[in-house]
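Asker: model the following, please.
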Amino acid sequence: QVQLAESGGGLVQAGESLRLSCTASGRSFSSYTMSWFRQTPREGRVFVAGINWNGGTTLYADSVKGRFTVSRDNAKNTVYLQMSSLKPEDTAVYFCAALLSVVIVRGTDDYDYWGQGTQVTVSS
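Answerer: Below you'll find the model as predicted:
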């Protein structure tokens with residue numbers, strides 16, 4: 001069993017940066033692929049970024065590529081999402097998710113564990 005808790009959301013202006021954190025409790029954090037998703041009423045929950053168990057492979061949605069960076073610290077059981085050059089369209093509830101797999105997948109149904117989400121609001 002893995003429990004995930006996101007933090008770091010908030011209200012920022014367009015062009016600013018924000019870093020989200022997701023800390024896991026439970027066993028074998030380093031065995032999990034970790035990903036970030038975001039949810040809006042218009043789009044539902046969509047994949048944002050993912051990182052494999054050792055940080056050697058990352059994957060990004062086209063909409064955030066070059067602006068967001070996902071990283072992890074297995075010693076701290078934490079995955080991060082550094083968000084830069086934020087846009088109003090990045091406004092969403094952001095969730096982290098864990099998948100017991102060596103590959104990164106984009107589908108929400110594939111993930112085993114989810115956090116409660118953190119709100120990110122970007123004003124224009």
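
Asker: from the chain's centroid, how far away is stretch 25-42?
Answerer: 6 Å (Cα atoms, centre = their mean, to the nearest Å).

Asker: tell me, what residue is most central in the protein?
Answerer: W36 (2.2 Å; Cα atoms, centre = their mean).

Asker: how about that one: what's its closest non-neighbour residue?
Answerer: V48 (4.4 Å; Cβ to Cβ, 6 or more residues apart in numbering). All C-beta spots, glycine's among them, are computed from the backbone N, C-alpha and C.

Asker: show the pLDDT at that neighbour.
Answerer: At V48, the model reports a pLDDT of 98.

Asker: which strand or helix spans it?
Answerer: V48 is part of strand 44-51, with elements assigned from DSSP states H and E.

Asker: coming back round to it: which residues does the residue nearest to the centre of the chain contact?
Answerer: 20, 22, 47-50, 70, 79, 81, 94-97 (Cβ atoms under 8 Å, 6 or more residues apart in numbering).
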